[in-house]
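K.L.:
Fold the following and give me the result.
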Amino acid sequence: MSNPLFTPLRERPFRALVTGRTFADFANAVAPFALAFAVVDLTGSAVDLGIVVGARSLANVLLVLFGGMLADRLPRSVILQGTETAAALTQAAIAAGVLCGFASIPLLVGLSLVNGAVSAISLPAAASLTPLTVPAAMLAQANALVRLLSNAGRIAGAGLAGVLVAFAGSGWALGGNAVLFLAAAVAYRRIRLPRGERIPGRRPFADLAEGWREFRARSWVWLVVLQFTIVNAVNAGALLVIGPLVADDTFGRTGWGIALAAQTAGSLLGGVIAAHWQPRRMLLIGVALVMVDALPMLTLGETPYLLPLLFAMFLSGVALEQFAVAWDVSLQENVPPAKLARVYSYDMLGSFLAMPLGQVAAGPVAEHAGRSATLAGGAVLIVAATAVVLTNPQVRGLVRRAPISPGAPG
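P.N.:
Model prediction:
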């Protein structure tokens with residue numbers, strides 16, 4: 001394979017990993033879309049919608065540290081097999097409730113909590129597995145390709161969800177979602193890694209304390225995580241709660257699915273760019289580009305027409321992908337491998353911490369202040385949080401290690 005982007009596919013463990021993550025992200029693109037409209041059809045309440053989608057994020061927050069500890073103790077591929085199977089079962093249960101007519105808000109909240117719990121356990125394992133499946137020379141390309149193919153799965157998932165919800169109903173979309181999670185579990189079974197993947201077990205709190213020390217030792221790590229505490233909370237409220245409601249009143253549910261797919265299409269292009277363009281100050285550029293993520297919220301609030309929204313979502317996808325690849329490479333190059341999953345888990349905890357608040361608060365705030373003002377306020381928060389992080393000397397000064405050409409000695 002002459003294209004450096006595809007060089008990591010020579011490694012069999014990496015092929016299995018990227019297949020599993022692609023199926024999992026396909027499934028995760030269908031899940032929130034179908035669940036949101038299941039709640040809208042059930043009650044039509046923005047408050048109910050925020051509670052249901054917030055339940056999943058709450059479980060993420062509560063258990064992601066436990067997931068990081070497990071991932072540094074146990075074979076990560078085995079963890080992923082179990083969590084994807086559990087996700088399939090919970091989504092199948094939600095689908096059955098919607099299709100058979102016994103779904104209720106308490107039932108959807110309970111199943112969302114379970115689904116969020118298994119997701120929390122899987123996330124650190126998946127994020128920290130990439131450097132174990134490829135040589136160090138391929139790390140940037142591997143991260144770009146994982147995200148590229150995962151984003152392809154998200155595009156397919158958002159598009160499929162829009163079509164299924166519009167023409168067959170949210171219940172069938174959730175049923176297809178369960179099948180996709182099972183496919184991811186099957187793919188993860190093909191990952192074979194040396195037994196040295198696990199580390200000696202100690203007391204859980206000692207493991208967590210060691211991970212915390214590693215996390216707070218670098219200001220560029222915890223500052224970016226604080227930034228994304230705000231960015232993710234705003235996005236969770238805007239895109240998971242307010243967005244579907246605006247879509248129902250304007251360009252329709254299928255249009256909203258296309259808009260989400262456009263953002264992921266931008267991520268696809270962003271992944272190709274990130275694989276070929278690797279500036280020395282990769283993190284600085286990635287963090288600065290997060291400001292572009294304010295565009296979809298401004299468009300959705302001020303000009304809720306499909307074509308401008310598609311353009312804004314596409315640009316946001318391109319920009320956020322530059323950050324995502326830069327962030328993964330920066331962590332994987334600078335954090336010891338035996339502690340990487342726990343650092344990722346603190347990263348995820350901070351990034352997800354305010355998401356339930358954003359989701360639950362979005363409905364009442366929008367009903368009180370108006371959807372347009374709420375979305376504009378979210379855009380301002382994203383720009384302000386990013387500007388503050390850019391003042392940090394470590395963020396501005398962190399440079400990539402000189403990349404080694406794939407196939408070169410050493």
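K.L.:
got the buried residues for stretch 290-307?
P.N.:
The neighbour-count check on stretch 290-307 (16 or more other CB atoms under 10 Å) flags 290-301, 304, 306 as buried. Using the backbone N, CA and C atoms, a C-beta is placed for each residue, glycine as well.
K.L.:
Any chance of those residues in TSV with distance to Val109, pLDDT and secondary structure as columns?
P.N.:
Compiled in TSV, these are given as follows (distance: CB to CB, whole Å; pLDDT from 0 to 100; DSSP: H, G, I helix; E, B strand; the rest coil):
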residue	distance to Val109	pLDDT	secondary structure
Val290	31	94	helix
Met291	34	95	helix
Val292	34	95	helix
Asp293	28	92	helix
Ala294	31	92	helix
Leu295	32	93	helix
Pro296	27	91	helix
Met297	26	90	helix
Leu298	32	91	helix
Thr299	31	91	helix
Leu300	26	88	helix
Gly301	28	84	helix
Pro304	29	81	coil
Leu306	32	87	helix
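K.L.:
show me where pLDDT drops low in the stretch 201-350 of the chain?
P.N.:
Judged by pLDDT under 70, the stretch 201-350 of the chain has its weakly predicted residues at 201-205.
K.L.:
distance between whatever helix or strand Gln141 lives in and the chain's centre?
P.N.:
Using DSSP states H and E, Gln141 sits within helix 139-167. Shown here is helix 139-167, whose average C-alpha point lies 11 Å from the average C-alpha point of the whole chain (CA atoms, centre = their mean, to the nearest Å).
K.L.:
Now do it, average pLDDT.
P.N.:
Mean pLDDT, helix 139-167: 76.
K.L.:
Which helix or strand lies directly C-terminal to it?
P.N.:
On the C-terminal side of helix 139-167, the closest following helix or strand by DSSP H and E is helix 170-188.
K.L.:
how about that next one: buried residues?
P.N.:
With burial defined by 16+ other CB under 10 Å, the residues of helix 170-188 counted as buried are 170-178, 180-185, 187-188.
K.L.:
How about stretch 96-107?
P.N.:
Residues of stretch 96-107 classed as buried by neighbour count (16+ other CB under 10 Å): 96-98, 103, 105.
K.L.:
List of residues touching stretch 121-134?
P.N.:
Residues outside stretch 121-134 that contact it (CB atoms under 8 Å, 6 or more residues apart in numbering) are 8, 11, 13-14, 17, 21, 24, 60, 63-64, 66-68, 70-72, 76-77, 79-80, 83-84, 87, 139, 142-143, 146, 191, 193, 197, 328, 332, 337, 340-342, 344-345, 348.
K.L.:
before we move on, the earlier item: show me the two of the buried residues of stretch 290-307 that sit farthest apart.
P.N.:
When the buried residues of stretch 290-307 are compared pair by pair using CB to CB, the two farthest from each other are Val290 and Leu306, 24.5 Å apart.
K.L.:
Val114 contacts Arg56, correct?
P.N.:
No: with contact taken as CB atoms under 8 Å, Val114 and Arg56 are classed as non-touching, separated by 9.0 Å.
K.L.:
of the two, who's got more company?
P.N.:
Set side by side, Val114 and Arg56 show unequal neighbour counts under other CB atoms under 10 Å, the larger going to Arg56 at 27 against 18.
K.L.:
next structured bit after whichever strand or helix holds that one?
P.N.:
Following DSSP H and E, one finds Arg56 within helix 46-73. Of the helices and strands lying after helix 46-73 in sequence (DSSP H and E), the nearest is helix 76-100.
K.L.:
angle of that following helix against helix 46-73?
P.N.:
Between the axes of helix 76-100 and helix 46-73, defined by axes from the mean of the first three to the mean of the last three CA atoms, to 10 degrees, the angle is 160 degrees.
K.L.:
just to revisit the earlier point, the helix holding Arg56 packs against which elements?
P.N.:
Using 3 or more CB pairs under 8 Å, 6 or more residues apart in numbering; DSSP states H and E as the contact definition, the elements that helix 46-73 packs against are helix 12-42, helix 76-100, helix 105-133, helix 204-216, helix 219-237, helix 243-249, helix 337-352, helix 355-369.
K.L.:
Out of these, flag the one nearest Leu284.
P.N.:
Distance to Leu284, taken as CB to CB, is lowest for helix 219-237 among the helices and strands packed on helix 46-73, at 9.5 Å.
K.L.:
Which neighbouring elements make contact with that closest one?
P.N.:
Applying 3+ CB pairs under 8 Å, 6+ apart, one finds that helix 219-237 makes contact with helix 46-73, helix 204-216, helix 282-289, helix 306-334, helix 337-352, helix 355-369, helix 371-389, helix 393-397.
K.L.:
Format the ones you listed as CSV; extra columns: distance to Gly153.
P.N.:
As requested, these are arranged in CSV below (distance: least, CB to CB, whole Å):
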stretch, distance to Gly153
helix 46-73, 19
helix 204-216, 29
helix 282-289, 22
helix 306-334, 14
helix 337-352, 20
helix 355-369, 21
helix 371-389, 25
helix 393-397, 30
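K.L.:
And these: which comes nearest Leu160?
P.N.:
Closest to Leu160 of those is helix 306-334 (CB to CB; 17.4 Å).
K.L.:
How far off centre is that closest one?
P.N.:
Helix 306-334 sits 11 Å away from the centroid of its parent chain (CA atoms, centre = their mean).
K.L.:
So which elements touch it?
P.N.:
In terms of contact count using 3+ CB pairs under 8 Å, 6+ apart, helix 306-334 is assigned the packing partners helix 105-133, helix 139-167, helix 219-237, helix 253-276, helix 282-289, helix 294-302, helix 337-352.
K.L.:
list the buried ones in the shortest one?
P.N.:
For helix 282-289, a neighbour-count test (16+ other CB under 10 Å) marks 282-284, 286-289 as buried.
K.L.:
cool, the second one as well?
P.N.:
By 16+ other CB under 10 Å, the buried positions in helix 139-167 come out as 139-162, 164-166.
K.L.:
so it versus helix 105-133, what angle?
P.N.:
Helix 139-167 runs at 150 degrees relative to helix 105-133, counting by the same axes, to 10 degrees.
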